[in-house]
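Visitor: A predicted structure for the sequence below; I have some questions about it.
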Amino acid sequence: MSSENHPQIQFLHDQDETLSSDLNGCLERLDFYMLLLGFNQSSVLRIGITWVTFILIGIVVPVGVVVLMPTNCLKCDLYQVQGFELVVVSSHASLAASALLCLSHNLRKYGIRKFLFVDQYNGYVQRFSREYVHKISESKRALVLWFLPCLLLKLSREVIRMMYMQHESWWRSCGILVTLTFSWTYVTMIFLSSCLVFHLVCNLQIIHFDDYGNLLERETDVLVFIEEHARLRHHLSKISHRFRIYLLLVFLVVTSSQFATLFQITEFRDKVTFINGGDFAVSSIAQVMGVIFCLNAAAKISHRAQGIAALASRWHALASCEADDTSQIRFSDINGNFDAASTLLRSVSLESDTEAMSYIPLPTNAQLTSYFSSYHRRQAFLMYLQNNPGGITLYGWTVDRSLINTIFFIELSLVLFVLGRTTVFTTTD
């Protein structure tokens, strides 16, 4: 018998090793990608290289190009407003710097595995390796799909502007285009990648919340449910603690940059077109996409955490109904025993044999007590879930749909105003 099961056991072991190696390779590639963008600052040398590169590519190069471009250019004042460009550069640099500061601190402190809660010591890697790899690949695809439209819009804007701005040579114009596009791509990828990491951390926890819903169908011990739910809430509180400063900085910087854009556009006396103000539209779209990326992940995990109470309510109702059906059958048997007992009592009273009273099957409360004890345990567990819903929080404020609707409509109104003022293709003669 053992020889027959040995090939099956060996096959399952090889499958687990394959899934574990796939997960390790996926995490190594993600760690290398984070290293290229400067998030992995595990040594003094890496910290120095990261911040020198960021200051050079993200701040010095675009500011230098914006300031020096009008010196050897005809009609640059019509097609490039220096104040507009500097606001865009400062907003993108602020978002990228916030992302580098917050995420590099967490990665340096915990490492990529513990930061994503996929370390080998929690006992869940073997069970969810396939789901982990799928979520990581899905997040990478989402980043590419969200970034490519912004990049195409940025390239089209720069090409159109360079066609109108006459430099000394086309090589100079192409050099300026490549420099500005590369600098914008660098800082935008840092910001969107940080949003990707938060989105990925929340999506990996959704796997465990889905498994918790299945646990309600497999187990019946209330203590197991409470311990598992406490572990999940502990993970969510860790995520909230690690990302709360980052999320607040993102919301603050994006909202401030939108208001700064609004003031710049309303204060500008000449006509604002896509050529001289198109960077406002491109940057606004990229920034709001990053905010939506974060809010979507936070709302999804908060919704799953709060939906556990609904699953537990259904489980409690089904368990109570099944117990009632069982108790009805039990009580019908007891009623039959009561009829038999009453017949026996009448016969005993006629015979005046009081010794026979000890043989009557008297009803007990053991089963009834067990039923009510199980009911009260389920009810206490349900009240625990209702009073501890969980979710992503920012200093006590749960990031749920109501908060997301407020933030989303504020950002959307600002972005629509910016797009309405900048996506105008008429030019000044």
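Guide: Now that the structure is in, tell me what you want to look at.

Visitor: the strands in the chain, which residues?
Guide: 73-74, 166-167, 393-394, 397-398 (DSSP state E).

Visitor: partner strands of the last one, with direction?
Guide: Strand pairing for strand 397-398, using DSSP bridges, gives strand 393-394 (antiparallel).

Visitor: which residues does the partner strand contact?
Guide: 237, 240, 244, 247-248, 399 (C-beta atoms under 8 Å, 6 or more residues apart in numbering). For glycine as for every other residue, the C-beta is placed from the backbone atoms N, C-alpha and C.

Visitor: repeat that with 6 Å
Guide: Applying C-beta atoms under 6 Å, 6 or more residues apart in numbering, the contact partners of strand 393-394 are 240, 244.

Visitor: any idea how far that strand is from the middle of the chain?
Guide: Averaging C-alpha positions (C-alpha atoms, centre = their mean, to the nearest Å) puts strand 393-394 13 Å from its chain's average.

Visitor: quick one: average pLDDT of that strand?
Guide: On average, the pLDDT along strand 393-394 is 80.

Visitor: report the contact partners of the residue nearest to residue 400 when sequence neighbours are not counted.
Guide: Leaving aside its sequence neighbours, residue 400 sits nearest to residue 302 (C-beta to C-beta, 6 or more residues apart in numbering; 4.9 Å). Residues in contact with residue 302 (C-beta under 6 Å, 6+ apart) are 391-392, 399-400.

Visitor: can you list the buried residues in stretch 103-116?
Guide: 103-104, 106-108, 112-116 (16 or more other C-beta atoms under 10 Å).

Visitor: max pairwise distance over those residues: which two?
Guide: Pairwise distances across those (C-beta to C-beta) peak at 16.3 Å, for the pair 104 and 113.

Visitor: save the contacts of residue 302 as JSON lines, and put in distance to residue 410 and neighbour count too.
Guide: Formatted as JSON lines, the contacts of residue 302 follow (distance: C-beta to C-beta, whole Å; neighbours: other C-beta atoms under 10 Å):
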{"residue": "391", "distance to residue 410": "21", "neighbour count": "19"}
{"residue": "392", "distance to residue 410": "19", "neighbour count": "29"}
{"residue": "399", "distance to residue 410": "15", "neighbour count": "23"}
{"residue": "400", "distance to residue 410": "16", "neighbour count": "18"}
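
Visitor: these: which two are farthest apart?
Guide: So, the contacts of residue 302 by C-beta to C-beta: farthest apart are 392 and 400, at 8.6 Å.

Visitor: put the alpha carbons of stretch 49-64 into CSV.
Guide: Extracted in CSV, the C-alpha atoms of stretch 49-64 (Å, rounded to 0.1, in the frame of the first residue of the first chain):
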residue,chain,number,x,y,z
ILE,A,49,23.4,56.2,-6.0
THR,A,50,19.6,56.3,-5.7
TRP,A,51,19.3,59.9,-4.5
VAL,A,52,22.0,61.3,-6.8
THR,A,53,20.3,59.6,-9.8
PHE,A,54,16.9,60.9,-8.7
ILE,A,55,18.1,64.5,-8.1
LEU,A,56,20.0,64.5,-11.4
ILE,A,57,17.3,62.8,-13.7
GLY,A,58,14.2,63.9,-11.8
ILE,A,59,15.0,67.5,-10.9
VAL,A,60,18.2,69.0,-12.4
VAL,A,61,17.8,67.8,-16.0
PRO,A,62,14.2,68.8,-16.6
VAL,A,63,14.6,72.1,-14.7
GLY,A,64,17.7,72.9,-16.7
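
Visitor: next, the buried residues of that stretch.
Guide: For stretch 49-64, by 16+ other C-beta under 10 Å, it's 50-51, 54, 57-59, 61-63.

Visitor: which one among the residues you listed gets closest to residue 221?
Guide: Looking across these and measuring by C-beta to C-beta, the closest to residue 221 is residue 50, at 49.1 Å.

Visitor: list the contacts of that closest one.
Guide: Residues near residue 50 by C-beta under 6 Å, 6+ apart: 38, 41.

Visitor: low-confidence regions, this protein specifically.
Guide: Filtered on pLDDT under 70, the chain yields the residue ranges 1-20, 69-80, 120-126, 165-168, 322-372, 408, 414-415, 417-429.

Visitor: any idea where the helices of it begin and end?
Guide: In the chain, the helices defined using DSSP state H lie at 2-37, 44-53, 61-68, 76-79, 82-116, 125-164, 170-218, 222-267, 274-351, 366-387, 401-422.

Visitor: between helix 61-68 and the fifth one, find me the angle.
Guide: The reference is to helix 82-116. Between the axes of helix 82-116 and helix 61-68, defined by axes from the mean of the first three to the mean of the last three C-alpha atoms, to 10 degrees, the angle is 180 degrees.

Visitor: for the second one, same thing?
Guide: Compare the direction of helix 44-53 with that of helix 61-68 by the same axes, to 10 degrees and you get 20 degrees.

Visitor: circling back to that earlier point, for the buried residues of stretch 103-116, give me TSV that also has distance to residue 317.
Guide: Listed next are the buried residues of stretch 103-116 as TSV, based on distance: C-beta to C-beta, whole Å:
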residue	distance to residue 317
103	44
104	48
106	41
107	45
108	48
112	42
113	40
114	39
115	39
116	36
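
Visitor: what's the neighbour count on the residue nearest to residue 100 when sequence neighbours are not counted?
Guide: Nearest residue to residue 100, sequence neighbours excluded (C-beta to C-beta, 6+ apart): residue 38, at 5.9 Å. Neighbour count of residue 38, defined by other C-beta atoms under 10 Å: 22.

Visitor: over to residue 160?
Guide: 16.

Visitor: where's the residue lying closest to it once chain neighbours are set aside relative to residue 307, distance?
Guide: Using C-beta to C-beta, 6+ apart and skipping the chain neighbours, the partner closest in space to residue 160 is residue 275 (6.0 Å). According to C-beta to C-beta, to the nearest Å, residue 275 and residue 307 sit 48 Å apart.

Visitor: okay, the two: which has more neighbours?
Guide: Taking other C-beta under 10 Å, residue 275 and residue 307 do not tie; residue 275 has more neighbours (23 against 13).

Visitor: pretty sure the more buried one is touching residue 161, no?
Guide: Yes: assessed by C-beta atoms under 6 Å, residue 275 is found in contact with residue 161 at 5.2 Å.
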